[in-house]
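Peer 1: pasting the structure only:
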């Protein structure tokens, strides 16, 4: 049977979203181009893109709900149902899987008692596997609300989700401080992160990303030691390097492609490579 029209937002919520939505639309010469950030805006309201949210976007942009639904269902970054405060994504693509991503994902499913795209009973954590977190040099990688937690193991990943559920402070390996999924969605909609220090937080790809380049140049990579999630020896930043937080708006002079390294990284060491068949520079990888 056809569904009834989606209910509207309460009047006060609708007025607030319309004000934010019109600010977003004004950024684009063609209003239709504002659809993606508008979907993030309604996701910031409910934690997912509901039928009400899609109808709101359609009204604001003078589109059909079918046009909005086609976009909202195409991208996996838009949730189609209620989800947790923390979206925990485990990379299970080739390199992360080989390095332990599959084991991490299986252990978290068992530990949390949920399956893929399912949420814990307390509403804190939604678990999903991700095909690539674009951080192969720190495999296996887990992301929480799109912030990096590098070089994870099943045990460190279990501690991570336990801390999230208990409300304990959790610091990403690099990048901005962690915030809730709704707060992340509002930032992705294009609104500034107002938390003190969030924009100033930095985090680059780190020395592991540059190992091949340094070897090609005949340079000797600096040794480093990594420890679980903070509290230990860490990389030394490259002189003059820097990498904007994902919560910052880049300046015209910023060129991340030519300066990808960032501030100190405190990633966790995983199992050591076979000494006779090393996967890369032993001192660079911290093994």
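Peer 2: Looks like it came in fine. The shown structure was predicted, so the numbers you read here are calculated from the model rather than taken from an experiment. Numbers count the residues shown, from 1 in each chain.

Peer 1: what helix or strand does residue 38 sit in?
Peer 2: helix 35-46 (DSSP states H and E).

Peer 1: residues of the next helix-or-strand element following that helix that come out buried?
Peer 2: Per DSSP H and E, helix 35-46 leads on to helix 51-61 as the next helix or strand towards the C-terminus. Buried positions in helix 51-61, judged by neighbour count with 16 or more other Cβ atoms under 10 Å: 51-58, 60-61. For every residue, glycine as well, the C-beta is placed using N, CA and C.

Peer 1: same for helix 51-61, what does it pack against?
Peer 2: helix 11-25, helix 35-46, helix 65-72 (3 or more Cβ pairs under 8 Å, 6 or more residues apart in numbering; DSSP states H and E).

Peer 1: can you list these in CSV and add mean neighbour count, distance to residue 89 and mean pLDDT?
Peer 2: Formatted as CSV, these follow (neighbours: other Cβ atoms under 10 Å; distance: least, Cβ to Cβ, whole Å; pLDDT from 0 to 100):
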stretch, mean neighbour count, distance to residue 89, mean pLDDT
helix 11-25, 15, 26, 94
helix 35-46, 22, 16, 95
helix 65-72, 17, 19, 93
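
Peer 1: out of the ones you listed, nearest to residue 167?
Peer 2: Smallest distance to residue 167 across these (Cβ to Cβ): 20.8 Å, for helix 35-46.

Peer 1: quick one: terminal-to-terminal distance for stretch 77-95?
Peer 2: 22 Å (Cα to Cα, to the nearest Å).

Peer 1: mean confidence score for it?
Peer 2: pLDDT averaged over stretch 77-95 equals 91, rounded to a whole number.

Peer 1: okay, buried residues for the helix or strand containing residue 102 please.
Peer 2: If you go by DSSP H and E, residue 102 is part of helix 102-112. For helix 102-112, a neighbour-count test (16+ other Cβ under 10 Å) marks 102, 104-105, 107-109, 112 as buried.

Peer 1: what ranges do the helices span in the stretch 101-250 of the chain?
Peer 2: Taking DSSP state H, counting those that start in this stretch as the test, the helices found in the stretch 101-250 of the chain are 102-112, 154-166, 181-188, 207-216.

Peer 1: so for residue 45, which of these sits nearest?
Peer 2: Residue 45 sits nearest to helix 181-188 of all those, at 7.5 Å, using Cβ to Cβ.

Peer 1: residues in contact with the closest one: which ones?
Peer 2: For helix 181-188, the external contacting residues (Cβ atoms under 8 Å, 6 or more residues apart in numbering) are 37, 40-41, 43-45, 47, 77, 83-87, 126, 145-146, 179, 193, 247.

Peer 1: what angle sits between that helix and helix 11-25?
Peer 2: Calculated by axes from the mean of the first three to the mean of the last three Cα atoms, to 10 degrees, helix 181-188 forms an angle of 40 degrees with helix 11-25.

Peer 1: just how off-centre is helix 181-188 within its chain?
Peer 2: Relative to the centre of its chain, helix 181-188 is centred 11 Å away, using Cα atoms, centre = their mean, to the nearest Å.

Peer 1: average pLDDT across it?
Peer 2: Rounded mean pLDDT across helix 181-188 is 92.

Peer 1: angle of it against helix 35-46?
Peer 2: For helix 181-188 against helix 35-46, the angle by the same axes, to 10 degrees is 150 degrees.

Peer 1: pull out the buried residues from helix 181-188.
Peer 2: Applying 16+ other Cβ under 10 Å to helix 181-188 flags 181-188 as buried.
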